[in-house]
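# no FASTA, just this:
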Ligand SMILES: O=P(O)(O)OC[C@H]1O[C@](O)(CO)[C@@H](O)[C@@H]1O
């Protein structure tokens, strides 16, 4: 496992974006796993800028989002369908057809179809991940099976509270989601895990230095052969 610590969001984002661009340079039809939330925003900004500067051809790239709220209208501005469209597809310069997001219907059939779509694309080459304050990856909350696959899940009170900032109130945050499982995430060839800010420091330290346990979902990444943590100083502050 590699752990890189940066002083500012711009250098952090550029380093993380280079992981994605390297994969695309090696394989123009690379499959990139896309996370939502605040953590990867500097990566997406740098990806857009560097690809433009270098004239990188992104036309064959495919993207798969990690998760979506269950029951949300995909047209809702805070659905991950909308967030991926506004924060990734448009700025990076992909087309909507290149990017897949799990169905908000969150049925067993939708979950199975999503697993099949990832497999049919050849699997994920680089999976971008944020980490929740409680150590979640995607919406795999503490207690998720370490070999779980794409499925419908309940969100914890902590995650609902954290994501309330995107909605009018905590009561408006959907209480369930569909998420790639930890097993699905672990199938990616490379994991790039971003964390920014002091609020993530405890989860980062436990995930990197603690035991591999369902109580800390991100700890499963210790078993991945190709993982890089991309942190700012605050998120890295509790690492020994
Ligand atoms: O980056 P944030 O906004 O702190 O969120 C952490 C993680 O939680 C999620 O929002 C839940 O899916 C992820 O998308 C994100 O990577």
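Good, I have the coordinates. Source: prediction; values computed, not measured. Numbering: from 1, shown residues only.

# pretty sure residue 199 contacts residue 131?
No - using C-beta atoms under 8 Å, residue 199 is not in contact with residue 131; the gap is 10.5 Å. Backbone N, C-alpha and C define where each C-beta goes, glycine included.

# okay, these two: which has more neighbours?
When neighbours are counted by other C-beta atoms under 10 Å, residue 199 and residue 131 differ, and residue 131 comes out ahead with 26 against 13.

# tell me how many other residues crowd residue 43.
The local packing of residue 43 (other C-beta under 10 Å) involves 28 other residues.

# then the one 4 residues further on?
Close neighbours of residue 47, defined as other C-beta under 10 Å, add up to 29.

# and it, how far from residue 207?
Distance from residue 47 to residue 207, counting by C-beta to C-beta, to the nearest Å: 24 Å.

# and residue 153, backbone torsions?
phi -140, psi 160 (degrees, to the nearest 10).

# over to residue 65?
Backbone torsions for residue 65, taken as degrees, to the nearest 10, come to phi -70, psi 160.

# so what's the nearest residue to it once chain neighbours are set aside up against?
Leaving aside its sequence neighbours, residue 65 sits nearest to residue 101 (C-beta to C-beta, 6 or more residues apart in numbering; 4.2 Å). By C-beta atoms under 8 Å, 6 or more residues apart in numbering, the contact list for residue 101 reads 65, 68, 74, 80-81, 84.

# mind running it again at 7 Å?
For residue 101, the contact set (C-beta atoms under 7 Å, 6 or more residues apart in numbering) comprises 65, 68, 80-81, 84.

# do the same with residue 167
Residue 167 touches 78, 173, counting by C-beta under 7 Å, 6+ apart.
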